[in-house]
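**Student:** sequence unknown, structure follows:
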């Protein structure tokens with residue numbers, strides 16, 4: 001629903017004004033309304049990308065790369081409007097750009113070869129990989145052989161994830177910005193040593209991780225929320241304030 005994100009942000013602002021704890025922070029979400037949000041994070045953990053509406057720009061970008069190019073709309077989710085542009089094959093580029101540019105700018109992004117074996121959804125809470133009882137909240141999404149997308153609703157399947165040191169290093173690189181933007185719970189989509197998307201509005205799939213790992217990660221989430229409520233109550237109380245010394 002096109003209206004849901006902006007309406008949710010406004011409701012979050014109103015709720016926070018009245019003292020309600022809001023997850024994730026509405027101002028942070030406002031910056032993440034499009035896929036351009038990823039460009040605010042370190043370049044070292046992002047695929048090579050340009051944002052444009054120009055066919056010529058995309059051709060020039062594609063020629064600089066050693067492989068294929070992914071084209072997708074700046075706005076959108078769930079794998080909608082994602083196209084694979086094979087290396088040096090521009091036969092359908094005009095039609096793709098015309099279709100995608102109806103909704104605004106286009107992201108042209110290097111295709112990561114590791115995508116052939118799918119991607120990994122890793123959940124972060126308060127900027128840290130969500131971990132409970134020694135298990136990471138993560139799962140792999142394996143695409144159908146004839147589809148460039150790994151999304152489960154388009155036929156992708158799920159499997160246990162192997163959370164590598166490389167993935168944890170990506171999380172480390174993203175943490176400062178996520179905390180600064182007040183992102184309590186997010187889902188990272190990881191391919192190889194890159195993050196291709198940061199899901200902040202609807203980081204779905206936690207139940208998949210729970211099923212595969214045999215751990216109820218929602219307990220860790222609820223405990224973190226309860227801790228946030230206790231901390232907020234503490235700082236609202238006048239009793240925590242240090243009284244000045246009497247001379």
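**Tutor:** Structure's in. What do you need? Only a predicted model underlies this, so the values are computations on that prediction, with no experimental measurement involved.
**Student:** tell me what the top helix by length along the chain is packed against?
**Tutor:** Secondary structure of the chain read by DSSP state H shows that its longest helix is helix 217-236. Applying 3 or more Cβ pairs under 8 Å, 6 or more residues apart in numbering; DSSP states H and E, we find helix 217-236 packed against strand 119-125, strand 131-132, helix 206-213. The way it works is simple: take the backbone N, C-alpha and C, and place the C-beta from them, glycine included.
**Student:** just these: most buried one?
**Tutor:** strand 119-125 (a mean of 24; mean count of other Cβ atoms under 10 Å).
**Student:** tell me the angle that strand makes with helix 206-213.
**Tutor:** Note on geometry: by axes from the mean of the first three to the mean of the last three Cα atoms, to 10 degrees, strand 119-125 and helix 206-213 are set 110 degrees apart in direction.
**Student:** residue 82: how many residues sit nearby?
**Tutor:** By other Cβ atoms under 10 Å, 19 other residues sit near residue 82.
**Student:** show me what the residue nearest the centre of the chain is bridged to.
**Tutor:** Compute the mean C-alpha point of the chain, and by Cα atoms, centre = their mean the closest residue is residue 198, 1.3 Å away. Under DSSP bridges, the beta-bridge partners of residue 198 are residue 188.
**Student:** just residue 83 next, same as before
**Tutor:** Counting by DSSP bridges, residue 83 forms beta bridges with residue 71.
**Student:** which neighbours in the sheet does the helix or strand hosting residue 139 have, and how are they oriented?
**Tutor:** Per DSSP states H and E, residue 139 falls inside strand 138-142. Partners of strand 138-142 in the sheet, by DSSP bridges, are strand 119-125 (antiparallel), strand 157-159 (antiparallel).
**Student:** any chance of those in CSV, plus mean pLDDT?
**Tutor:** Listed next are these as CSV, based on pLDDT from 0 to 100:
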stretch, mean pLDDT
strand 119-125, 97
strand 157-159, 91
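**Student:** could I get these as TSV with distance to residue 100?
**Tutor:** Shown next, in TSV, are those (distance: least, Cβ to Cβ, whole Å):
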stretch	distance to residue 100
strand 119-125	21
strand 157-159	27
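**Student:** ok, back up a step: from residue 219, how far off is the residue nearest to the centre of the chain?
**Tutor:** 24 Å (Cβ to Cβ, to the nearest Å).
**Student:** one more: residue 173?
**Tutor:** Applying Cβ to Cβ to residue 173 and residue 219 gives a distance of 28 Å.
**Student:** for these two, indicate the residue with more neighbours.
**Tutor:** residue 173 (15 against 11).
**Student:** check which helix or strand covers that one.
**Tutor:** helix 165-180.
**Student:** can you give me how far that helix is from the chain middle?
**Tutor:** Offset of helix 165-180 from its chain centre (Cα atoms, centre = their mean, to the nearest Å): 12 Å.
**Student:** appreciated, that's everything.
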